[in-house]
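# Below is the sequence, then the predicted model.
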Amino acid sequence: MGIDWEQRKRPLKMMYIFFLMMYFVVLFMLYFNQTAVLYNGANNFESDTAVHIRMAVVDGYYHSLAAFVYLFFAKIVRFEAALMLIATLLAILTVGAIPLTAGLVREVLKRSGVELYDPIIWVIAFAGNVLIAFYVKAANRAHYIGYQSPNMWHNSTYTFMRFFAILTMIVFLKLYDDYKDKVSIWKWLLFTLLLTVTTGFKASFLTVFAPVLAIVLIRDLCKKTKFWNVFFMALSVVPPIAVMVAQSIVLSGTDGSNGYAIKPFAALSMRGDHPKAALVLSVLFPVILLLAHIKDFYKDKYYFWSLVMWAVGFVEVFLFIEIGERALDSNFMWGYSISLFFLFISSMIRLFKDLFVEKTSIVVKIIGCIAAAALVWHVVSGINYLTILYSGVTYFA
């Protein structure tokens, strides 16, 4: 006898909302402690967030839209209160990314003609927002540094970017549905605005999304889509690219020495104990699942394009490294991290299709079960890392 999901949906939804509220409280306390070190002088709760706030409020260094948000708060209230507002906003964005992810999952399912019960969608959304690399101490002692992870709780600009990147993807799917016949001006404007804002917070999403969009549009043009429709869609990346150029000027360094160089594997091997093993463990669940679809991965469109985005992110972080004052910043990691986020989401959708929706072979189901076990440890690793951060240690733990 199957579970009557419709009958249980309301109490499960109430539990889900309560859980998100509790998660918000935990995050607020974590983020406030991370920011409070700026005025209490503590040397724990180390985070990039505190560095970003100090750069904006104290140093007047505006490399992200987040800097202007922090500066605004610091101008309207006393500094301690501003830190509470910042912590509140970051907690809202982190928790808000979960229902947004659920919305993205629904949009993807809608276009594939497949339905999943809401509780399953909630599980996918939550797991996608807390999982990190498949942690194995022997491969890399730190939980985050040395691995590549789609989620983190110590970098504010990534928190902003991920929230708006999810929203951007939802709007893009709606825009792309009928652009071949007629481009919706309002959807195009909204998409362009969101992509620009996302880039304003952190350019990393644009660096992995724009190449994929270019491939998609070139393919559509080859398939006889109207040139002006394709051209108009391509114009959507012009404002965000302009923003990225402006950011690059700000980040060029006090002596103009900052730049980029091609040095294969240098960025990936910068901090890991065993970089090659850590690289595999960072993406273990999607790689295992891909083994089940090595012959047909291109048939599931969203799954396929998330794989392409991941490949773009990997090529960028594999090949390029920064030089000059930012040589140790590993900023190409952020693009790879956000591409990992979307890959994990699409892979989870694919996993549930394999196990519960579509008729698949016994081999696919066995591989799916192995992948599911790996996914569980990805999630456990993420929750464990969050717990460690909450105890007040550095994010290098």
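Structure received.

# give me the low-pLDDT residue ranges for the stretch 251-397 of the chain?
Scanning the stretch 251-397 of the chain for pLDDT under 70 picks out 251-258, 326-329.

# 80 instead?
By pLDDT under 80, the weakly predicted segments of the stretch 251-397 of the chain are 251-259, 323-331.

# Show me where this protein has its strands.
259-262, 320-323 (DSSP state E).

# To L116, which of those lies closest?
Closest to L116 of the strands of the chain, according to CB to CB: strand 320-323, at 37.7 Å. C-betas here are computed from N, CA, C, even on glycine.

# thinking again about what came up before, closest to L100 out of the strands of the chain?
Nearest to L100 among the strands of the chain is strand 320-323; the distance by CB to CB comes to 29.6 Å.

# Distance from the chain centre to the closest one, please.
Relative to the chain's own centre, strand 320-323 is displaced by 22 Å; criterion: CA atoms, centre = their mean, to the nearest Å.

# what are the pairing partners of that strand, and which direction each?
Here strand 320-323 has these sheet partners by DSSP bridges: strand 259-262 (antiparallel).

# then the partner strand to CSV, C-alphas only?
Coordinates of the C-alpha atoms in strand 259-262 are reproduced here as CSV (Å, rounded to 0.1, in the frame of the first residue of the first chain):
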residue,chain,number,x,y,z
GLY,A,259,45.8,39.3,-14.2
TYR,A,260,45.3,35.7,-15.4
ALA,A,261,47.6,33.0,-16.6
ILE,A,262,47.2,29.5,-18.1
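
# what residues does it touch?
Here strand 259-262 makes contact (CB atoms under 8 Å, 6 or more residues apart in numbering) with L319, F320, I321, E322, I323, G324.

# Out of those residues, the closest to I362 would be?
L319 (39.8 Å).

# quick one: A397 from G96, how far?
According to CB to CB, to the nearest Å, A397 and G96 sit 26 Å apart.

# I should have written Y70 there, sorry.
The value you get for Y70 to G96, if CB to CB is used, is 19 Å.

# So which of the two has more stuff around it?
Remark: of Y70 and G96, Y70 carries more neighbours, 26 against 16, as counted by other CB atoms under 10 Å.

# Tell me who's in contact with the more buried one.
Residues in contact with Y70 (CB under 8 Å, 6+ apart) are H52, I53, A56, V57, A82, I86.

# if you set the cut-off to 7 Å instead, what comes out?
Y70 is in contact with I53, A56, V57, I86, counting by CB atoms under 7 Å, 6 or more residues apart in numbering.
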